[in-house]
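Student: Give me a 3D structure for the following:
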Amino acid sequence: MTDYHVVSFSGGKDSTAMLLRMFELGYPVDEVLFCDTGCEFPEMYKHIDKVNNIVERYLGKKITILKAEHSFEYMLLEYKFNPRPKEGIVKPHAIGRSWATMRTRWCTKYFKVDLIKRHLRGIDADIHQYVGIAADEPNRIRELNYPLVSWGWREVDCLSYCYKKGLDWGGLYNKYKRLSCWCCPLQSLNDLRTLRHEYPELWRKLLEWEHRAWSNFRADYSVDELDARFAHEDDNEKMLVRLF
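Tutor: The predicted model follows:
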């Protein structure tokens, strides 16, 4: 059986740095996989296009983009399923998966994990999968290949390396420490505050989705409550500016 080397590319600083450095060091790479959730920031899609050009120069082919059958909005609001007891959902015959929680990260499984597993099952070879986990994230290491860990590259090293290569994500890492889907309920309050300030159209979409979903966006806050909280903070800041 032949060897087949696959890079799992999320588009973030770690997987980008890993991929480019692997090219530089002459690692064997047969395919680069990107799972498109449909909920990436606009700047991220531009970044993917830039990296796509680099991949094409090295491999003679583009990044393989995997997309799920259904959109995030459909899965969130319309998908019909029977929840299992261990998912902690008491509503029978739920309409829409609603928002992910730490216990039920259905979106990661549906839009990434399952897609990659199905894709790799179709490859008749001894598969070597490379994942961009940094050296300062030991709790995320599983039974795969982690070049960044082998090189001792931390998250800050990855970002610095990408900047030196001319990749800046349109300034996304000046706004966010870590990039995820813009609608993720597991992101920090600071990130959600930034989303409201910097991407008002996406924030309005978030409000619309929560009004149609059957559960709150987060256990501690609904999007409406966050909107009111952030608006209050803005008003207080404006008042302080006027006073001083």
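
Student: The helix or strand harbouring residue 162 packs against which elements?
Tutor: Using DSSP states H and E, residue 162 sits within helix 155-164. When contacts are defined as 3 or more CB pairs under 8 Å, 6 or more residues apart in numbering; DSSP states H and E, helix 155-164 packs onto helix 13-25. For every residue, glycine as well, the C-beta is placed using N, CA and C.

Student: The helix holding residue 162: which residues count as buried?
Tutor: 155, 157-159, 161-162 (16 or more other CB atoms under 10 Å).

Student: now do stretch 171-179
Tutor: Neighbour counts over stretch 171-179 (16+ other CB under 10 Å) mark 172-173, 175-176, 179 as buried.

Student: for stretch 44-60, same thing?
Tutor: Within stretch 44-60, the residues that count as buried by 16+ other CB under 10 Å are 44, 47-48, 51-52, 54-55.

Student: Now, those residues that are in helices?
Tutor: Counting by DSSP state H, the part of the buried residues of stretch 44-60 found in helices is 44, 47-48, 51-52, 54-55.

Student: what would the residues you listed look like in JSON lines with pLDDT and distance to residue 148?
Tutor: Formatted as JSON lines, these follow (pLDDT from 0 to 100; distance: CB to CB, whole Å):
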{"residue": "44", "pLDDT": "98", "distance to residue 148": "20"}
{"residue": "47", "pLDDT": "98", "distance to residue 148": "18"}
{"residue": "48", "pLDDT": "97", "distance to residue 148": "20"}
{"residue": "51", "pLDDT": "98", "distance to residue 148": "16"}
{"residue": "52", "pLDDT": "97", "distance to residue 148": "21"}
{"residue": "54", "pLDDT": "97", "distance to residue 148": "18"}
{"residue": "55", "pLDDT": "98", "distance to residue 148": "18"}
